[in-house]
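**Q** have a look at this prediction, sequence included:
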Amino acid sequence: MKVNKPIFAIQTDNTINFISKNFDFFTTGFKENTGSRILAFVPAVRLESLGDESFKKRHKLKYPYIAGAMANGITSAAMVKTMAHNGMMGFFGAGGLSIKKIEENIIDLKTCLKDMPFGFNLIHSLGDPDHEMATIDLYLRHGITRISAAAFMRITPALVYYRIKGIYRDSRGWIVTPNNIIAKVSRIEIARQFFSPPPEKLVALLLEKGLITQEEADLSAYIPMAQDLTAEADSGGHTDNRPALTLLPTMMALKNEFMATYHYREPLCVGLAGGIATPESAAAAFGMGAAYILTGSVNQSCVEAGICDDVKKILCQAEQADVAMAPAADMFEIGARVQVLKRGTLFPLRAEKLFKLYRSHDNFDDIDEKSKKEIQEKFLQAGFEDAWKSTKDFFLKTGNMKEIERAQNDSKHKMALVFRSYLGLSSKWAIQGNLKRKMDYQIWCGPAIGAFNQWVKGSFLETCENRKTAEIALNLLFGSCICIRASILKAQGINLPMGTGVFKPMKQKEICTFL
């Protein structure tokens, strides 16, 4: 358990002893005539030594661990705070929230954490680039120096503006980039864009608008859009369901290719997300070279998560097969999908039906009577026109007149907006704990939650009341160190008894006694 001390496997006659004391076996304690010999040696594997040193230094982290952003404030301010106070980092789930609500949380976190590491999320707004730019303006105005960029299919003006605003050369002639983007990516063609310098056309556009200076434009050619990239495997929410074992090595090879091509002064780093829920999966990530790990699904069942207790209890019962892909509220029209929980909710089936009807009809009135009745009575729980009025009021409140005008001239777009309103509200019902809408809960999660529940079964972490984000993170990191050390012993030909190297959850205070 003392992962900060080396282990010696010593054979004396037919007995093998494992010793982890600070003892010099090569001098007084290990003489020729003792009849003992060293079979294996395992170095100390400290939690703070995991991952990539440059990543931890860049973000002032003790441990290479991120609590990923879950939209609508599910990754709450409380979760971000506890991660920062424990030497890790969290990204507030700003996706789906109003500018006013995001600003309230910025003020709260900056007041509490000051210069401690934390960040905010930016989800690609395909149909609303103005909101994307307004969010970036807010981040720049308040000095938010880290964002997690998710669901992007291309580099946008808002991303470029954030990345290059404020860059300069210091007294040594080195380029300093105040604003950091940690991109969450599952496709190699998107990763290429983030590892490349900002697109020249977008830089020129920002310069023309007077948003950046000539110096910032010139220096942008020497920096990547993102210094850090999270290879997103089979995760909750937006995902391409990529297998981690193939995705991470591919992204790391790409990182090396771009470092060789552009010779960036600051090293590029690749972390892993999706499916990390046990010490073994965390150890595998670090073993493959991940600079850091990022978790999401397992955090959603924690006490700090900004979601109702009813959903947390449902998540605690989930198994790996209790997830499904469903149409996404954002980018609904192009078929974007999210991974959600299917246990205890009809949302995946209902969302799929809405998408199929949208694809096959140009007008809500053209849908067959049986389906229209089901949608209005069970899904929307309102007449279509009443649902449209509520949808229109939402866009009026947010100042998005373009969507309203388009819908009034395009019946198919009107239908899409009403269907999207159901998809958007379903996640809010889950957050609020609206029991009248329990069968419509949209709960973003991946199979990691099932693996986590299996691992913690019978331990204090089995119930959601005891699940704390930072404590779970330390368990995964500490457990991964034990798994790594067991693997090193096995690689030297030591046959370990069954169960050796298997780590079960421990209280944070107990873990600290071994560090």
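**A** Right, received. Where do you want to start? Residues are numbered from 1 along each chain as shown.
**Q** show me the protein divided up by domain.
**A** 7-47+468-512, 61-307, 314-440 (automatic domain parsing).
**Q** Ser459: which of the ones you listed is closest?
**A** Checking the domains of the chain against Ser459 by C-beta to C-beta gives domain 7-47+468-512 as the closest, at 4.3 Å. Every residue, glycine included, has its C-beta placed from N, CA and C.
**Q** picking that back up, turn the domains of the chain into JSON lines, columns for mean neighbour count and distance to Ser459.
**A** Output for the domains of the chain, formatted as JSON lines (neighbours: other C-beta atoms under 10 Å; distance: least, C-beta to C-beta, whole Å):
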{"stretch": "domain 7-47+468-512", "mean neighbour count": "16", "distance to Ser459": "4"}
{"stretch": "domain 61-307", "mean neighbour count": "20", "distance to Ser459": "12"}
{"stretch": "domain 314-440", "mean neighbour count": "17", "distance to Ser459": "12"}
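**Q** following the worst-scoring helix or strand of the chain on mean pLDDT, which helix or strand shows up next?
**A** None of the helices or strands of the chain scores lower by mean pLDDT, DSSP states H and E than strand 15-19, at a mean of 78. Using DSSP states H and E, the helix or strand that follows strand 15-19 in sequence is strand 36-42.
**Q** got the contact list for that following strand?
**A** 6-12, 16, 25, 30, 485, 488-489, 492-494 (C-beta atoms under 8 Å, 6 or more residues apart in numbering).
**Q** recalculate using a threshold of 6 Å.
**A** Ile7, Phe8, Ala9, Ile10, Gln11, Thr12, Arg485, Ile488, Leu489, Gln492, Ile494 (C-beta atoms under 6 Å, 6 or more residues apart in numbering).
**Q** so which of those would you say is closest to Ala260?
**A** Using C-beta to C-beta, the contacts of strand 36-42 come closest to Ala260 at Ile488, 30.4 Å.
**Q** so what's Phe18 up against?
**A** Counting by C-beta under 6 Å, 6+ apart, Phe18 touches Ile7, Ala9.
**Q** report the beta-bridge partner residues of it.
**A** Taking DSSP bridges, one obtains Ala9 as the residues bridged to Phe18.
**Q** how close does the closest residue to Asp240 other than its chain neighbours sit to Thr295?
**A** Counting by C-beta to C-beta, 6 or more residues apart in numbering, the nearest residue to Asp240 once its immediate chain neighbours are dropped is Ser186, at 4.3 Å. For Ser186, the distance to Thr295 equals 16 Å [C-beta to C-beta, to the nearest Å].
**Q** same deal with Lys412?
**A** Using C-beta to C-beta, Lys412 is found at 39 Å from Thr295.
**Q** quick one: distance of stretch 282-296 to the chain centre.
**A** The chain centroid and the centroid of stretch 282-296 are separated by 12 Å under C-alpha atoms, centre = their mean, to the nearest Å.
**Q** hang on, Thr75 packs against Gly93?
**A** Yes: contact status for Thr75 versus Gly93: in contact at 3.9 Å, counting by C-beta atoms under 6 Å.
**Q** who touches both of the two?
**A** With C-beta under 6 Å, 6+ apart, Thr75 and Gly93 have common neighbours Ala69.
**Q** show me the shaky parts of this structure.
**A** Along the chain, the model assigns pLDDT under 70 to residues 21-35.
**Q** so what's Ala486 closest to, chain neighbours aside?
**A** Nearest residue to Ala486 in three dimensions, chain neighbours excluded: Gly501, at 2.7 Å (C-beta to C-beta, 6+ apart).
**Q** the one you found - that's part of a helix, no?
**A** No: with DSSP: H, G, I helix; E, B strand; the rest coil as the criterion, Gly501 is located in coil rather than a helix.
**Q** quick one: it and Ser487 touch, right?
**A** No: in this structure, Gly501 is not within contact of Ser487 by C-beta under 6 Å, at 7.5 Å.
**Q** check contacts around the residue most central in space within the chain.
**A** Residue closest to the average C-alpha location in the chain (C-alpha atoms, centre = their mean): Gly68, at 3.2 Å. Shown in contact with Gly68 (C-beta under 6 Å, 6+ apart): Ala273, Leu294, Gly296.
**Q** the least confident helix or strand of the chain: how far from the chain's middle?
**A** Centroid separation for strand 15-19 versus its chain: 42 Å, with C-alpha atoms, centre = their mean.
**Q** how about stretch 341-348?
**A** The answer for stretch 341-348 is 22 Å, by C-alpha atoms, centre = their mean.
**Q** likewise for stretch 340-347?
**A** Its chain's C-alpha centre and that of stretch 340-347 lie 21 Å apart, by C-alpha atoms, centre = their mean.
**Q** distance of the spatially closest residue to Tyr222 that is not a sequence neighbour from Leu109?
**A** Residue nearest to Tyr222 in three dimensions, not counting chain neighbours: Ile175, with 5.7 Å by C-beta to C-beta, 6+ apart. In this view, Ile175 and Leu109 are 28 Å apart by C-beta to C-beta.
**Q** check Asn14 too.
**A** For Asn14, the distance to Leu109 - C-beta to C-beta - is 60 Å.
**Q** who's Leu341 bridged to?
**A** Going by DSSP bridges, Leu341 forms beta bridges with Val323.
**Q** ok, and the closest non-adjacent residue to Glu319?
**A** Gly450 (4.3 Å).
**Q** can you tell me the element that neighbour falls in?
**A** Here Gly450 is assigned to helix 448-456, by DSSP H and E.
**Q** work out the gap between the helix or strand that that helix is followed by and the centre of the chain.
**A** Toward the C-terminus, helix 448-456 is succeeded by helix 469-491 as the next helix or strand (DSSP H and E). Centroid separation between helix 469-491 and its chain, computed with C-alpha atoms, centre = their mean, is 20 Å.
**Q** stretch 349-365 too?
**A** The answer for stretch 349-365 is 30 Å, by C-alpha atoms, centre = their mean.
**Q** with just CA atoms, put it into PDB.
**A** Extracted in PDB, the C-alpha atoms of stretch 349-365 (Å, rounded to 0.1, in the frame of the first residue of the first chain):
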ATOM      1  CA  LEU A 349     -37.000   5.900 -27.300                       C
ATOM      2  CA  ARG A 350     -39.100   9.000 -27.400                       C
ATOM      3  CA  ALA A 351     -36.200  11.200 -28.700                       C
ATOM      4  CA  GLU A 352     -35.500   8.600 -31.400                       C
ATOM      5  CA  LYS A 353     -39.100   8.700 -32.500                       C
ATOM      6  CA  LEU A 354     -39.100  12.500 -32.700                       C
ATOM      7  CA  PHE A 355     -36.000  12.500 -34.900                       C
ATOM      8  CA  LYS A 356     -37.300   9.900 -37.300                       C
ATOM      9  CA  LEU A 357     -40.500  11.800 -37.700                       C
ATOM     10  CA  TYR A 358     -38.600  15.000 -38.300                       C
ATOM     11  CA  ARG A 359     -36.500  13.400 -41.000                       C
ATOM     12  CA  SER A 360     -39.500  11.900 -42.800                       C
ATOM     13  CA  HIS A 361     -41.900  14.900 -42.600                       C
ATOM     14  CA  ASP A 362     -41.800  18.600 -43.600                       C
ATOM     15  CA  ASN A 363     -44.700  19.600 -41.400                       C
ATOM     16  CA  PHE A 364     -46.100  18.500 -38.100                       C
ATOM     17  CA  ASP A 365     -49.600  18.300 -39.600                       C
END
